[in-house]
Every structure is written in structure tokens, then in C-alpha cells.
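Chemist: From the sequence below, what's the structure:
(chains A and B)
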Protein chains: 2
Amino acid sequence: ERLADAIRDIFHRLQREMPEANLKQADLPRGAMPIEPEGTAPGFIIEADGKLLIALPGVPWEMKAMLGKTVIPLLSERAGGGALVSSEIYVVGLGESATHEKIADLVAAQTNPSIAFLAGRGQVRVRLTARASTREEAEALIAPVEADVRALLGDWAVPGAVDSLAEALGAILVERGETVAAAESLTGGLIAAELTRAEGASRFFAGSLVTYSTEAKHRVAGVARSLLEEPGPVSEDVARALAEGAARSFDADLGISATGVAGPAEQGGQPVGAIFVGACYRGRVEARRIRGYGDRSHTKAIAVTYAIDLGRRLLLHP
Amino acid sequence: ERLADAIRDIFHRLQREMPEANLKQADLPRGAMPIEPEGTAPGFIIEADGKLLIALPGVPWEMKAMLGKTVIPLLSERAGGGALVSSEIYVVGLGESATHEKIADLVAAQTNPSIAFLAGRGQVRVRLTARASTREEAEALIAPVEADVRALLGDWAVPGAVDSLAEALGAILVERGETVAAAESLTGGLIAAELTRAEGASRFFAGSLVTYSTEAKHRVAGVARSLLEEPGPVSEDVARALAEGAARSFDADLGISATGVAGPAEQGGQPVGAIFVGACYRGRVEARRIRGYGDRSHTKAIAVTYAIDLGRRLLLHP
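Modeler: Residues are numbered from 1 along each chain as shown, chains lettered A, B, ... in the order given. Reported below is the predicted structural model:
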């Protein structure tokens, strides 16, 4: 009944009528202990023979919240102490195998912390995981190995404990009291989406001009028509002009940009996967050519990664 | 060796040096038949005792492409004919339980086609799946049931066989030779990303103004400062002004917009989950208030769905 009330309450808050079928979500197996719900979907725990059976809903945001608030604390308590600590190093511009090759000796020698690789979308995360009886001891095991890994990876590794490149960029901007704006073509809003994924983005992100059509690049981002004719919209020159247009339009300190061909067909003489990213900061304007690969979504994700990374590097070496 | 050559070729095309470690990806178990690779990750098929063991890489774009080009055609051939056909109906504005309630009698009565519900992010897909000996027979089984479902769901169902709301909107615009532009705040580029997810978006999508900061809403999208002060940036008035600003900036026929509070904290007197979407077309301007729920990402996804849907409805009933 407590669950049924919670479900009625959700519909009441959303000012929607509740279908009777939703009350089925309050039915539980005999002996089950309900997990505090997030939405209307139920989760529960059954204990039998000293083992736990934990059922969670499939809706990602409900499952994640119930996992974090109830399940993980419970399991951690049952496990009776001990600490498993992870630290991740972000690597941009090197593939998974190339990253592995640079630190292969360390990987072979290490068992605690262990070293794992998580690759995707133009970046590789090197994850160091240590086990110890306390959190502090685990962190002490990780620290010297992390320093060695960072020394071997040099400039490819993003400094600091960051969850994403967007966080790394945001931290520098917030510290300086500065802002970033973007102008994007092939990424179609995904640079902006990545920069605003985490909360607090309003402290450093002004906005983005998604100039998908060639006409919009001139009309909205102020790119000169002559550049759009020659060398054309997918070029270093236009990447630079878009970055400048972004900073100017939003009156932002840093402008970043991406233009390219997501596919499936070539465009303006450029092949599928051609990407140009740009950045401008304190009068300095840069552009870089990247080769994307994979399907549309993967090519765009690579462009997002490199555009944010070019901005980050320009902030560090203006 | 053929696989090793394919991997060398990929690095050659990307103009990158190939780490020796990448050649490990050409090693296969004895007796395995390689699947034509997409990237460098291997996949293979082993047949034993008349059963197939199929191994595919974990990288989503490589796995999907290998599945579509090699695995599904192979399995379909082995299954020796017969057809399994699905058709999906998009529903916007009704929850999963409410959708179910409207067509519950049909669902209970049907076995071929069967009726399933796939819910998420402000939309529900009703999937009808029929089995028959040919594709034509399966489609003939689906047609009358689909008509019944659509009749019961009325205006909640999106007409036509569409894979997404963006496709439904795009099809109307392409037919009319018209374009859409967006202005978005809480969705941070995700309306643009959704409209450009599928290929061919350049035929109907001009661009989007991602005006995240309040100042950008005035400076870039031309929203009057007086509206930004009262009733404030999260309001019906500003949703309308953003839709107008989008259409004007890009010289587009349809303008759509979203503003709201993704969370975690309330903003300008509006609670977390408050969403206003707007649309303007041929001089008519509309706005609608929606209640979002779930985490940041879920609230934004709901805003994307309703902004595109409001534009679609305004196109159909101008």
C-alpha cells in the first residue's frame, strides 16, 4: 500500500490521471522488501538461504538511482568493509593499442592496482583499480603507478581526475572566470550537448551555433561567402572562421568548432570521415584536420572529442 | 593474413602508424571463419555439431555493421524461409500504461500479430509483430490490426511508418520544400542532434541556436530583455520568442524551441522538470507546458520529444 501511495503521488505531482494499470506496479512477491522507488517502476529485494535476490526496473534513470541510493550501500555493508578504488586517466589522440604499447611494461608488471583500457569515440580511458582494507591504502597504492602512467603518456593524457573532456575544459574556464561558445556543423549540436551533459555547465558555457546548412554558416556564424566557395565548407579555413564566429556571437572567451562529412556520401570534394576542428582564444586561431571513421554517429563523436580537446589545449598553451 | 592486411590497410587509410599489438586482432581460433571486418576488431563464426558459434566485437558500430551485412543474412538463410515482420506505431503524450489501457482489449485478443510496448523518453512505441510463410502474408496479418490500434489511439499516434518523430517531421517538410530551425536552452543542442541523427537531414534542417545563458537568449536569439526579466527565461513567452528567433535567424519556415529546468536545482522560480516548448509557422506561434521527470538526461529527452512534436502538429494544423 505504501508503494501504491507513492505511485498515486507521482501522478498527482505530474498533474496526470493515473491509469489503474499503474497500480499493478505496487504488487510484490511474498516476502519481498521494496526498494524506495524513483518513478513508478518497482524494485525489491528477497533474501533466502543467506543470498540476496535484487530486482530493479529496466528504465535506466530509475535503475541507476535505485542502485546508487539503496543497492550499492547495502552490498558494500554486507561485504564487510574493504575498499575497491578506481582512478581513470583520459587519453586523447592515441588509439587503444598505441596507448597500451606505451605503457605495456607497467601493465604487465602490475596486479594491484590493475590496469584496464576502455576505448571509444576518439578517447581511451586507462583505469587503475586497487584493493586494500581502507580507501586511503587503496589510494596510496594507485598514486605512484598513476604518476608513472602519466609520465609515459605525456601530453596525450588529460591532467587531473576528470570524468570527461568537457569537465577538464570547464574546470579551466571556471577557474579563469571565462566562457566557451561553439559553432558546429557535422556534429549537429553534440558539442553543446556534451558540454552541458553535467550540471553546472552554465558557469562556463554560453551557447552554440548549429550551422548545418552552408547558408547558415554565412548568415548565422558570419563565415565569409568567399571561404564557403573556396576552399568550401569542409576546410581548415571554415573551421577557423566558425570558431571566431562562435566567440564573437556569444561574446565568449574561447570559441571552438567542427565541420566535416559524417556520411554516407562525400561532400564538396571531401571524403566521408573528413573532419576539421577549430579553436580561437585571445586572438590566436587554430585548426586541425582529423580522420574520422565508423558510422555517422561514431564520426560525429570523434569530432566532438577533438573539438573540445583543441579548445582545452589552446587554453593551456595560448 | 587476409585479416592482417585489412588491418594494415585501415591504418594506412587513416595515415596513422600501426602498433604491432593491432596485428593480434588478426589471430583466430582454429577452424574459425572470419567475418568481413568493419574496423580493426575481429569477428568470426565456428560451426560444430551443426551449431553456429558467432563472435562479434563489442564496439557498437562495428558490431552492428557486421550483424547487418553478414550474420543476419546467414541466419535468415539457415532458418530456411518464413517471415517475421514488425511494424511500429509512435505514440507521443501518453504514458505506457495509459496507451495500454486504450488498446487493452486488442492486446488481449491478439496472438499473430502480437502487440508489445516499448516506452521511453516521452514516447511509447507500439510494436506489432506477425509470423507467416512469406513477408506479404505477414504484412497482410498486421494491416487490419494496425488500423484498429491507430483508430483507438487517435491523435496520440504519429501517422505513417516512421522510425522517429524527427523522421515524421522531416518527411512533411521535404514534401513541402520547407525547412526547420530550432532555438534551445535546457536541451543544449539535443533537438539539433535528434533532427540530424539520420542521414539526409540537410534537406530540411537549417540549424539551431543553443542559447544556454540568459544573455545569449537576447544577444543571439533576439528574445526581448523585458521577457527575460518577467516572466523569466523559463516561461511560455520565452518559448514563443525563441521559436520566432530561430525561424528568423535561419530564415526557416518552421521554428521550434525548448526552455526549462533540467536540474538539479530550481531556476528562476521554476521547479526541476518544468519545460516549455514552442513552435511558430506561417505567423502562428504556440507554446505548451510539459512536466518532465527523471534525471537531467531524461528531462532533456522529454523536452526534445515534445518540441519536435509541437512543430509537427503545427505543420499539420497550421
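Chemist: which bits of the stretch 1-150 of chain A sit near chain B?
Modeler: A:10, A:13-17, A:19-22, A:38-39, A:59, A:61-62, A:64-65, A:95, A:97-98, A:100-101, A:104, A:119-120 (C-beta under 8 Å from any C-beta of the partner chain). Every residue, glycine included, has its C-beta placed from N, CA and C.
Chemist: Could I have the PyMOL command that selects the buried members from those residues?
Modeler: Buried members of the residues of the stretch 1-150 of chain A next to chain B, defined by 16 or more other C-beta atoms under 10 Å in any protein chain shown, are picked up in PyMOL with:
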select buried, chain A and resi 10+19+22+38+39+59+61+62+65+95+97+98+100+119+120
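Chemist: Out of the residues of the stretch 1-150 of chain A next to chain B, list just those in helices.
Modeler: Among the residues of the stretch 1-150 of chain A next to chain B, the members found in helices (DSSP state H) are A:10, A:13, A:61-62, A:64-65, A:97-98, A:100-101, A:104.
Chemist: what stretches of chain A score poorly on pLDDT?
Modeler: Scanning chain A with the threshold set as pLDDT under 70 gives A:1-2, A:14-16, A:21, A:80-81.
Chemist: which residues does the spatially most central residue of chain A contact?
Modeler: With distances taken as C-alpha atoms, centre = their mean, chain A has residue A:164 as the residue nearest its mean C-alpha position (4.9 Å). Shown in contact with residue A:164 (C-beta atoms under 8 Å, 6 or more residues apart in numbering or on different chains): A:90, A:194, A:197-198.
Chemist: one more time with 10 Å
Modeler: By C-beta atoms under 10 Å, 6 or more residues apart in numbering or on different chains, the contact set of residue A:164 is A:90, A:123, A:125, A:158, A:170, A:194-195, A:197-198, A:305, A:308.
Chemist: Which helix or strand lies directly C-terminal to the helix or strand harbouring residue A:285?
Modeler: Using DSSP states H and E, residue A:285 falls within strand A:284-291. Using DSSP H and E, the helix or strand that follows strand A:284-291 in sequence is helix A:296-316.
Chemist: Mind listing what's buried along that next one?
Modeler: Using 16+ other C-beta under 10 Å as the test for burial, helix A:296-316 gives A:296, A:298-315.
Chemist: Could you measure from residue A:141 over to chain B?
Modeler: 26 Å (C-beta to the nearest C-beta, to the nearest Å).
Chemist: What lies in contact with the helix or strand containing that residue?
Modeler: In this assignment (DSSP H and E), residue A:141 forms part of helix A:135-153. Helix A:135-153 is contacted by residues A:82-91, A:94, A:99, A:102-107, A:109-110, A:112-115, A:124, A:126, A:128-132, A:134, A:156-159, A:161 when judged by C-beta under 10 Å, 6+ apart.
Chemist: In terms of residue numbering, what are the domains of chain A?
Modeler: As given by automatic domain parsing, the domain ranges for chain A are A:2-78, A:83-156, A:165-316.
Chemist: mind checking the end-to-end distance for the longest one?
Modeler: Going back to what we said before, that points to domain A:165-316. 14 Å (C-alpha to C-alpha, to the nearest Å).
Chemist: chain center to it, what's the gap?
Modeler: Relative to the centre of its chain, domain A:165-316 is centred 16 Å away, using C-alpha atoms, centre = their mean, to the nearest Å.
Chemist: coming back round to it: keep only the buried residues of helix A:296-316 that also lie close to chain B.
Modeler: Contacts with chain B within the buried residues of helix A:296-316, counted by C-beta under 10 Å from any C-beta of the partner chain: A:296, A:298-301.
Chemist: Run the chain-centre distance for the helix holding residue A:141.
Modeler: Chain-centre distance of helix A:135-153: 23 Å, with C-alpha atoms, centre = their mean.
Chemist: For that helix, list the C-alpha coordinates in PDB.
Modeler: Output of helix A:135-153 as PDB, limited to C-alpha atoms (Å, rounded to 0.1, in the frame of the first residue of the first chain):
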ATOM      1  CA  ARG A 135      40.100   3.700   1.000                       C
ATOM      2  CA  GLU A 136      43.300   5.500   1.900                       C
ATOM      3  CA  GLU A 137      45.500   2.500   1.500                       C
ATOM      4  CA  ALA A 138      44.000   1.800  -1.900                       C
ATOM      5  CA  GLU A 139      44.600   5.400  -3.000                       C
ATOM      6  CA  ALA A 140      48.200   5.100  -1.800                       C
ATOM      7  CA  LEU A 141      48.700   2.100  -4.000                       C
ATOM      8  CA  ILE A 142      47.300   3.900  -7.000                       C
ATOM      9  CA  ALA A 143      49.200   7.200  -6.700                       C
ATOM     10  CA  PRO A 144      52.800   6.100  -7.700                       C
ATOM     11  CA  VAL A 145      51.500   3.900 -10.600                       C
ATOM     12  CA  GLU A 146      49.300   6.700 -11.900                       C
ATOM     13  CA  ALA A 147      52.300   9.100 -11.900                       C
ATOM     14  CA  ASP A 148      54.300   6.500 -13.900                       C
ATOM     15  CA  VAL A 149      51.500   6.000 -16.400                       C
ATOM     16  CA  ARG A 150      51.100   9.800 -16.800                       C
ATOM     17  CA  ALA A 151      54.800  10.300 -17.300                       C
ATOM     18  CA  LEU A 152      54.900   7.600 -20.100                       C
ATOM     19  CA  LEU A 153      51.800   9.100 -21.800                       C
END
